[in-house]
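**Q** Coordinates only, no sequence provided:
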């Protein structure tokens, strides 16, 4: 009887670990929208087993993303302790690499926190504060173009992480994100004074459409 109980507990632990492992992989590929059905299919387990180990999909999501967010936060903390220029480079690299590898993290950082039930509001806030500290230090040290604000940095990283794997029939090679990041970093470096002429800025979509008259039907 004792051996059977021990074996049952061992199976429960293994199934929980398997579900976390599979969910981590599925979430990295699919994002926060990954379903319980997809997770149990990949794990080759039943939904009954899933709900014996986790009360909800959100509980499993938390178990997976807590570790991912902790890793990002720790890396940004290290970046914040470097000199301003190096810290800026490292912070953007961390944000781009982590979000490129993990679609669930990308969804969490770039989307509304309500998508994850608000579970990760504190972690998101700490990551935002680290990005702010790194960006402000770089700005004060002259390591970042004066026209760039710290609030721009998450958008830059998210844009690079979301780069399509194919465009105009051209497949992206593994070094694309790194080259794009290098280009962005070069543009962020101080080399010119702050610009007061923003006439070349990309217009918002409504303005762009308004500037182009509809074709005439002659």
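**A** Everything's here; your move. It should be emphasised that the depicted structure is a prediction, and the values quoted were computed from it without experimental measurement.

**Q** Pull the number of nearby residues for residue 152.
**A** Using other CB atoms under 10 Å, residue 152 has 14 neighbouring residues. C-betas here are computed from N, CA, C, even on glycine.

**Q** Now do the contacts for it.
**A** When contacts are counted by CB atoms under 8 Å, 6 or more residues apart in numbering, residue 152 touches residue 135.

**Q** let's see 10 Å
**A** 135, 144, 145, 188 (CB atoms under 10 Å, 6 or more residues apart in numbering).

**Q** May I see these arranged in JSON lines, with pLDDT and neighbour count as well?
**A** JSON lines is the format used below for the contacts of residue 152 (pLDDT from 0 to 100; neighbours: other CB atoms under 10 Å):
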{"residue": "135", "pLDDT": "96", "neighbour count": "25"}
{"residue": "144", "pLDDT": "91", "neighbour count": "25"}
{"residue": "145", "pLDDT": "90", "neighbour count": "19"}
{"residue": "188", "pLDDT": "86", "neighbour count": "22"}
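
**Q** ok, which pair from these is furthest apart?
**A** 135 and 145 (11.4 Å; CB to CB).

**Q** Overlap in contacts, these two.
**A** Contact criterion CB under 10 Å, 6+ apart; residues shared by residue 135 and residue 145: 152, 188.

**Q** From the contacts of residue 152, which land in helices?
**A** Among the contacts of residue 152, the members found in helices (DSSP state H) are 135, 188.

**Q** quick check, nearest of the contacts of residue 152 to residue 76?
**A** Nearest to residue 76 among the contacts of residue 152, counting by CB to CB, is residue 135 at 11.2 Å.

**Q** And the helix ranked longest in the chain, what does it pack against?
**A** The helix that spans the most residues within the chain, counting by DSSP H, is helix 2-30. The contact analysis (3 or more CB pairs under 10 Å, 6 or more residues apart in numbering; DSSP states H and E) places helix 2-30 against helix 36-43, helix 47-53, helix 57-80, helix 103-110.

**Q** buried residues in that helix?
**A** For helix 2-30, a neighbour-count test (16 or more other CB atoms under 10 Å) marks 15, 16, 18, 19, 20, 22, 23, 24, 25, 26, 27, 28 as buried.

**Q** In the chain, where is pLDDT below threshold?
**A** Low-confidence segments of the chain (pLDDT under 70): 1-9, 112-118, 164, 190-218.

**Q** who touches the spatially closest residue to residue 70 that is not a sequence neighbour in this structure?
**A** Once flanking residues are discounted, residue 70 sits nearest to residue 123: 7.7 Å by CB to CB, 6 or more residues apart in numbering. Applying CB under 10 Å, 6+ apart, we find residue 123 in contact with 65, 66, 68, 69, 70, 72, 73, 108, 109, 113.

**Q** Between which two of those is the distance greatest?
**A** 70 and 113 (17.0 Å).
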